[in-house]
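Novice: next one to model:
(2 chains)
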Amino acid sequence: MDEITIVKIILSTLMFVIPVATYLIAEAILKRIYKKEKGERLD
Amino acid sequence: MKVIKISLYDKIFIIYIIALSAILFSTFFFNHIWADEGTHMLLAIFYRDLISYIFRTHTISFDQLYKYGINYLISYPKLQIAYTPLFHITASIAFSIFGVSEFVGRSISLLYALGSLLVFYTLVKKFFAPKIALIASILFSFSPIFLVYNSRAMMDSTVFFWLLLSIYTFLIALKKNNLKYYALVGFFVFLAVMGKQTGVFVLLFFLFMIFKNPFKKINWNLENFKKSFAMIAVFTVLILPYLFVMNKVGGIKLNELVAIGYASEQGEPTSVLDYNFWLYYLLKPIITSPLMPVLLLPLAAYSYKKNIYWKQLLLFFFVFYFCLTLIPNKEPRFSQFFMLPAYLTSAYYLAKTKKHFAIFFIFIYILVSTSVFLPKIVYYPTEQIAQFICQNNKPGGNVAFFSEDEPVYSSSLMWYTIPLDKEKNIRFYRSCTFKQSSRGEILSKIDESNIYFVVYSTWSNDKTIEKIKDKLELRWEVVSNGYTTQIYTYKDFNYKDIKKCNFICLTNEMICAQ
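Specialist: Have a look, this model is predicted:
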């Protein structure tokens, strides 16, 4: 496997992980805030 | 002093931006430069050298500076001053500080892109929930057009940054009702236009917002005229000197040539009677952004349901869609302008839907973007070709291109030659110089122009080189990533001390040193 193929595999993995992870973390934070505020939804 | 509060949500967004920039930055090392990148970075170097020439010689005479520009153009005939200069000036400053390299040029484009993403996020968050702002930013930043163009030294992100900043300032102006803010909007629109001319259409959106807000009846009161005047006056005062200089150096004529000539040359619909003319942005960008029509559906549903700010969002979409349709030189990447409200409304529905569906959609979205973006990462050793030419050139020898195709463009080779040939001794002749010429004419042009090296990409449809191949000696055949570039030398090279001239493709004329 050449250098550029390895780079592309790493990049494509990161490209999936970063936005999905960001979305999930944000979602978890929102849930925590929602629990704290006890009622009013933020979204 | 007002303290800016950064919530946990914002911190996550900042980490997201840093991670995204790391992805895009890493591609800088594995991409050869495109023709347009070469042109933009050459222009940035030209501006840097021009400013340094002004300081060195203390000259502000227009004729002197024009002469300097023409002499530069003779060596590097890919300089195109009709481009609005903000990206190039920013890059030229960065080149002076960090040195000349494509990493610096691409970083400027990337920084503007990250800036525009930050403003987009802040803008959406001002009116919608943070979750919507975050998802909209993910959709915007993971669109194939964003990924492909912002990892290159292109002008697009410059206009987006200033355009979004002008929208943000405009909304503050509406709220504060202060003329100073409207003047500031005019200034930001000027910068957006200096990034790229297409930014000017936002003024139309602002005028609609001032006079038709809240979209019921046109409000012709004096206050609205004052606001519009403050905005337009600042913009006009700033843009007029630029237009004056452009007119003097022939830039406006060049713009006409590019806009009208290139549109028909590239097969873009130019007749208003052709349905492709009106549907261009719904059909053409699908190749690079296959999910674009899917993202327009939520905008339609959002407007149909008359959700909050639906009129403003739809107005923004239509202003940019129609204005960009009316310009002759259309590009699929311009769709990014009118897609901004579509990202927002798609995010609105994704934030409301179940988590699993949202993740599934984002996953598919990234899959499509990745499949467009990754194949565009291609490396080609253009830099080594420039080194080979500079090391093996005969005194006074110049370079001719007999093709203008992937992967070695004239502009990319000129770009890599600049640091190796600081005195600009080597001149480049583009393939248009020899097109439709007979064998005799080509050979006489080669003799008169002191051409020693000939560069040809076998990928090209241009077969002019066949007419003189017996006079050329193949010195190096560069095979990489499925592309072959042939480097020849001219067997009968004999240096002649004659006037330096070059052929300019765009204006179809020969220009000579002054």
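
Novice: quick check: residues of chain B near chain A?
Specialist: With Cβ under 8 Å from any Cβ of the partner chain as the criterion, chain B meets chain A at residues B:8-9, B:12-13, B:15-16, B:19-20, B:23, B:26-27, B:30, B:129-132, B:134-135, B:138, B:142, B:351-352, B:355, B:358-359, B:362-363, B:366-367, B:369-370, B:373-374, B:377, B:379. C-betas here are computed from N, CA, C, even on glycine.

Novice: now restrict these to buried residues only.
Specialist: Among these, the ones that count as buried by 16 or more other Cβ atoms under 10 Å in any protein chain shown are B:9, B:12-13, B:16, B:19-20, B:23, B:27, B:129-132, B:134-135, B:138, B:142, B:351, B:358-359, B:362, B:366, B:369-370, B:373-374, B:377.

Novice: pull the CA atoms of stretch B:105-119 into PDB?
Specialist: Provided in PDB are the C-alpha atoms of stretch B:105-119 (Å, rounded to 0.1, in the frame of the first residue of the first chain):
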ATOM      1  CA  GLY B 105      -1.300  30.200   0.000                       C
ATOM      2  CA  ARG B 106      -3.600  27.400   0.800                       C
ATOM      3  CA  SER B 107      -3.600  28.200   4.500                       C
ATOM      4  CA  ILE B 108      -4.900  31.700   3.700                       C
ATOM      5  CA  SER B 109      -7.800  30.100   1.900                       C
ATOM      6  CA  LEU B 110      -8.400  27.700   4.800                       C
ATOM      7  CA  LEU B 111      -8.200  30.400   7.400                       C
ATOM      8  CA  TYR B 112     -10.800  32.500   5.600                       C
ATOM      9  CA  ALA B 113     -13.000  29.300   5.300                       C
ATOM     10  CA  LEU B 114     -12.700  28.600   9.000                       C
ATOM     11  CA  GLY B 115     -13.500  32.300   9.700                       C
ATOM     12  CA  SER B 116     -16.600  32.100   7.500                       C
ATOM     13  CA  LEU B 117     -17.700  28.900   9.300                       C
ATOM     14  CA  LEU B 118     -17.300  30.600  12.700                       C
ATOM     15  CA  VAL B 119     -19.400  33.600  11.500                       C
END
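
Novice: mind listing residues that contact that stretch?
Specialist: If you take Cβ atoms under 8 Å, 6 or more residues apart in numbering or on different chains as the criterion, stretch B:105-119 is touched by B:17, B:20-21, B:24-25, B:28, B:37, B:40-41, B:44, B:87, B:90-91, B:94-95, B:137, B:140-141, B:146, B:149-158, B:160-161, B:163-165, B:168, B:195.

Novice: ditto for stretch B:272-290
Specialist: For stretch B:272-290, the external contacting residues (Cβ under 8 Å, 6+ apart) are B:143-145, B:148, B:268-271, B:292-293, B:296, B:321, B:324-325, B:330, B:332-335, B:338, B:368, B:372.

Novice: narrow those residues to those in helices?
Specialist: Applying DSSP state H to the contacts of stretch B:272-290, the entries found in helices are B:144-145, B:148, B:292-293, B:296, B:321, B:324-325, B:335, B:338, B:368, B:372.

Novice: out of the residues you listed, the closest to B:Glu102 would be?
Specialist: Closest approach between those and B:Glu102, by Cβ to Cβ: B:Val148, at 15.9 Å.

Novice: just the pLDDT at the closest one, thanks.
Specialist: Note for B:Val148: predicted pLDDT of 94.

Novice: from B:Ser369, how far out is it?
Specialist: Here the criterion is Cβ to Cβ, to the nearest Å. By it, B:Val148 lies 9 Å from B:Ser369.

Novice: could I get the pLDDT score of the residue most central in space within chain A?
Specialist: Residue closest to the mean C-alpha point of chain A, counted by Cα atoms, centre = their mean, is A:Ala21 at 1.8 Å. If you check A:Ala21, the pLDDT there is 92.

Novice: now it: which helix or strand?
Specialist: helix A:3-37 (DSSP states H and E).

Novice: is that helix in proximity to chain B?
Specialist: Yes: counting by Cβ under 8 Å from any Cβ, chain B is contacted by helix A:3-37 at A:4, A:7-8, A:11-12, A:14-16, A:18-20, A:22-27, A:29-30.

Novice: and which of the ones in helices among the contacts of stretch B:272-290 is nearest B:Glu448?
Specialist: B:Val148 (41.0 Å).

Novice: in chain B, where is pLDDT below threshold?
Specialist: Within chain B, the ranges that satisfy pLDDT under 70 run B:1-4, B:213-218, B:261-264.

Novice: likewise chain A?
Specialist: Confidence mapping of chain A against pLDDT under 70 gives the ranges A:34, A:36-43.

Novice: part of a strand, is B:Val478?
Specialist: Yes: with DSSP: H, G, I helix; E, B strand; the rest coil as the criterion, B:Val478 is part of a strand.

Novice: the residue lying closest to B:Gly105 once chain neighbours are set aside: how many residues sit nearby?
Specialist: Leaving aside its chain neighbours, B:Gly105 sits nearest to B:Ala153 (3.6 Å; criterion: Cβ to Cβ, 6 or more residues apart in numbering or on different chains). Using other Cβ atoms under 10 Å in any protein chain shown, the number of residues around B:Ala153 comes to 28.

Novice: and B:Ala153, what does it touch?
Specialist: B:Ile33, B:Glu37, B:His40, B:Met41, B:Ala91, B:Glu102, B:Gly105, B:Arg106, B:Ile108, B:Ser109.

Novice: out of those, which two sit at the greatest distance?
Specialist: Farthest pair in those (Cβ to Cβ) is B:Ile33 and B:Ile108. Separation: 14.0 Å.

Novice: just give the closest residue to B:Trp310, not the sequence neighbours.
Specialist: B:Ser303 (4.7 Å).

Novice: distance between the helix or strand encompassing B:Tyr66 and the chain's centre?
Specialist: In this structure, B:Tyr66 sits in helix B:62-75 according to DSSP H and E. Chain-centre distance of helix B:62-75: 24 Å, with Cα atoms, centre = their mean, to the nearest Å.

Novice: helices or strands up against it?
Specialist: helix B:35-57, helix B:222-249, strand B:501-504, strand B:509-512 (3 or more Cβ pairs under 8 Å, 6 or more residues apart in numbering or on different chains; DSSP states H and E).

Novice: name the helix or strand for the residue of the stretch 201-350 of chain B found nearest chain A, please.
Specialist: Using Cβ to the nearest Cβ, the single residue of the stretch 201-350 of chain B nearest to chain A is B:Leu350, 9.1 Å away. Per DSSP H and E: B:Leu350 is located in helix B:335-352.

Novice: hmm, which of the contacts of stretch B:105-119 are the buried ones?
Specialist: The neighbour-count criterion (16+ other Cβ under 10 Å) marks B:17, B:20-21, B:24, B:28, B:37, B:40-41, B:44, B:87, B:90-91, B:94-95, B:137, B:140-141, B:146, B:149-158, B:160-161, B:163-165, B:168, B:195 among the contacts of stretch B:105-119 as buried.
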